[in-house]
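K.L.:
Sequence and predicted structure are below.
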Amino acid sequence: MLVRAIGKYKWLLTAALVTMLVEVGAALWQPSFMKDILSTMASLSLSTSGKVGKVSGYGIALIAIAVVGLIGSILNTIAAAKLAQAVSADLRENTFRKIQTFSYADIERFKSENLVVRMTNDINQIQMLLMMTFQILIRVPLLFVGSFVLSIITMPQLWWVIVVMVVLIVIVTGLSMRAMGPHFGAFQKLMDKINAIAKDNLRGARVVKSFVQERNQEAKFDKESDDLLGHNLTVGYIFAAMIPAFTIISQLAIFVAILFISFGITQSASFAQDQLGGIMSFIQYMMQIMFAIIMGGMMSMFASRGFVSIGRIRQVLEATPSMSFPDTPTETLSGDVTFEHVSFSYPDDEKPTLKDVSFELKSGQQVGIVGATGAGKSTLAQLIPRLFDPSEGTVKVGGKDLKTLSRKTLNSTVSIVLQKAILFSGTIAGNLKQGNSAATKDDMDRAAQIAQAAEFINRLPNRYDAEVVERANNFSGGQKQRLSITRGVIKQPKVLILDDSTSALDARSEKLVQEAFDKELKNTTTIIIAQKISSVVHADTILVMDQGRLVAQGTHNELVETSDVYRHIYDTQKAQGDDADE
Ligand SMILES: Nc1ncnc2c1ncn2[C@@H]1O[C@H](COP(=O)(O)OP(=O)(O)OP(=O)(O)O)[C@@H](O)[C@H]1O
């Protein structure tokens, strides 16, 4: 996945690698000039003016290499950042495009919040990993091997000092990483929790304020925040011990090297001239080796989080959508709806939510669905626009199995207005056009009239161009419901499902909506899921659901006579003073 994504940006990749080589080359070359400078200074055969000339030459070369290294480093940072941003933008778009192919069931399986985290946080982690890879991770082994080889070439007799230092640094780095590892893992989890609390608290601000929950929310937040602080402090303590440990190891290595060379110097003057410069570059190489090991250890720790994110994005990109629509020509269907022995279980739910449900609805009928909370009414309704496929049995619209219909045919035939009115930020017109992209002003007027939304839309200064803010917070619950009913009827579907979507409307508006349906949607099969019997009392037929089963079907009068479940609901609502008979 990543290799293919990076391969698309060959030029940036080449630029990042070449600039990194320049940077590493400069870092490895610099110490040898230091050696030449010091050797020249210690030279017994050169005059003072000769020494000054030579040392200046080496000095200029040293600065030139440092500048080349610096330019390499700047260009490498730019190339690595551009490459990481371009690749992560592609991944984000591909993930989003893939999610668009998911069925509602697939989104339920992944959980929508989880998909949002994958598209934001995980893609950011991958972007950071790519940055680190092209800036540091590839550089580390090159720098390590280069410095190791050059240090041994510079001072072959001190090879063992390097080996002992490497072993000690690897041990200290390994132990520190082991101690820090679980804390890094805990960081991520706590950050997720803190984000969730902050999000819940802000999203549910009205609940928090009205139930005076600020103290509880603060206590929850403080607890997680204190835990995070604890982990932060522990990592800080480990760092605090690690840095002096590295300093001690490096100082010891330098001390041993200098001690060894000092013995040589006392024995011969020519040895001193040879080795004085060497010891300087040797020490520089040692420092680079130490830097490479520490960076390698630290980066691999951060990189592990990036690898987890790659796995999570791959899961999405490689998921096979559980539902596909055949590419059949668009058909015009009637509004007949048939369920044949339909059973349905939600993913990960062992118990079926719908059990062997069969019924037949004729085009143009007004249908009510009633039943206790959790009886399976919404689930049944969601099978008609194929938000889910049944586990067993067949659902038909216009006499055709839904699985044989193209997405376009199904979309133009069936429309569902969900229990929760969900509107998107933008304008009213933008939201209505989701129901029918070709809708004209007249279509909007007609639909708004049916849904009893015209009255408040006409009062808005910009009418259909009025702004809808995030989560449509600038509209009341009833207005949101009317707008989503408008969106549902605008395409004049053959089957219209209203899932408890008039619950926030006052009794008069609800009645007006129903009268408009009777008049304007004569050929549309209207399926109304209702908590109140009064909402469906005039329906041509009413389906009574109980614990996932269809236990009765008939008109209100028939059901009052024949169905215990229906009569029970009716009597309860009558006792509560509901106007079911009106
Ligand atoms: N997305 C889901 N994942 C898992 N289980 C679900 C899901 N949606 C609903 N259920 C379960 O299926 C059962 C039926 O729910 P459904 O929403 O269809 O009932 P309902 O009759 O419409 O209830 P209500 O009148 O309260 O809206 C419930 O037990 C519910 O917990």
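P.N.:
The structure has been received and is ready for your questions.
K.L.:
make it CA atoms for all contacts and neighbour counts henceforth
P.N.:
Will do.
K.L.:
What does the pLDDT read for the closest residue to residue 213 other than its chain neighbours?
P.N.:
Spatial nearest neighbour of residue 213, chain neighbours left out: residue 207 (7.8 Å); criterion: CA to CA, 6 or more residues apart in numbering. Confidence at residue 207, expressed as pLDDT, is 70.
K.L.:
which is the next helix or strand following the helix or strand harbouring residue 207?
P.N.:
Secondary structure from DSSP states H and E places residue 207 in helix 205-210. Per DSSP H and E, the first helix or strand lying C-terminal to helix 205-210 is helix 214-267.
K.L.:
what's that following helix packed up against?
P.N.:
Counting contacts by 3 or more CA pairs under 8 Å, 6 or more residues apart in numbering; DSSP states H and E, helix 214-267 packs against helix 159-203, helix 269-317.
K.L.:
buried residues in stretch 299-315?
P.N.:
For stretch 299-315, a neighbour-count test (16 or more other CA atoms under 10 Å) marks 299-303, 305-306, 309-310, 312-313 as buried.
K.L.:
And for it, what's in contact with it?
P.N.:
For stretch 299-315, contacts defined as CA atoms under 8 Å, 6 or more residues apart in numbering pick out 1, 95, 118-119, 122-123, 125-126, 128-129, 132, 136-137, 177, 181.
K.L.:
residues near the residue nearest to residue 213, how many?
P.N.:
For residue 207, the count of nearby residues is 13 (other CA atoms under 10 Å).
K.L.:
Greatest separation within the contacts of stretch 299-315: which pair is it?
P.N.:
The largest separation in the contacts of stretch 299-315, counting by CA to CA, is between 95 and 177 at 32.8 Å.
K.L.:
element containing the residue in the stretch 101-250 of the chain that the ligand sits nearest to?
P.N.:
In the stretch 101-250 of the chain, the residue that lies nearest the ligand is residue 108 (6.5 Å; CA to the nearest ligand atom). Here residue 108 sits within helix 104-110, counting by DSSP H and E.
K.L.:
then the next helix or strand after that helix to PDB, C-alphas only?
P.N.:
As assigned by DSSP H and E, the chain's next helix or strand after helix 104-110 is helix 112-117. The C-alpha atoms that make up helix 112-117 are tabulated as PDB, following Å, rounded to 0.1, in the frame of the first residue of the first chain:
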ATOM      1  CA  SER A 112     -18.300   5.700  12.400                       C
ATOM      2  CA  GLU A 113     -16.200   7.500  15.100                       C
ATOM      3  CA  ASN A 114     -13.500   4.900  14.600                       C
ATOM      4  CA  LEU A 115     -13.400   5.600  10.800                       C
ATOM      5  CA  VAL A 116     -13.000   9.300  11.600                       C
ATOM      6  CA  VAL A 117     -10.100   8.600  13.900                       C
END
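K.L.:
quick one on the thing from earlier: tell me which of the buried residues of stretch 299-315 is nearest to residue 221?
P.N.:
Using CA to CA, those come closest to residue 221 at residue 305, 24.2 Å.
K.L.:
hmm, back to that, reformat the buried residues of stretch 299-315 into TSV and put pLDDT next to each item.
P.N.:
Formatted as TSV, those follow (pLDDT from 0 to 100):
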residue	pLDDT
299	80
300	76
301	71
302	73
303	79
305	75
306	83
309	85
310	90
312	86
313	91
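K.L.:
so what pLDDT did the residue nearest to residue 384 when sequence neighbours are not counted get?
P.N.:
Of all residues not flanking residue 384 in the chain, residue 395 sits nearest, at 6.9 Å (CA to CA, 6+ apart). For residue 395, the pLDDT comes out at 94.
K.L.:
For residue 395, the count of nearby residues, please.
P.N.:
Neighbour tally, residue 395, other CA under 10 Å: 24.
K.L.:
That one: what's it in contact with?
P.N.:
337-340, 342, 383-384, 401-402.
K.L.:
Could you look up the SS state of it?
P.N.:
Secondary structure, DSSP: H, G, I helix; E, B strand; the rest coil: residue 395 is strand.
K.L.:
I'd like to know how far it sits from residue 356.
P.N.:
12 Å (CA to CA, to the nearest Å).
K.L.:
Return every residue with contacts to both of those two.
P.N.:
340, 342.
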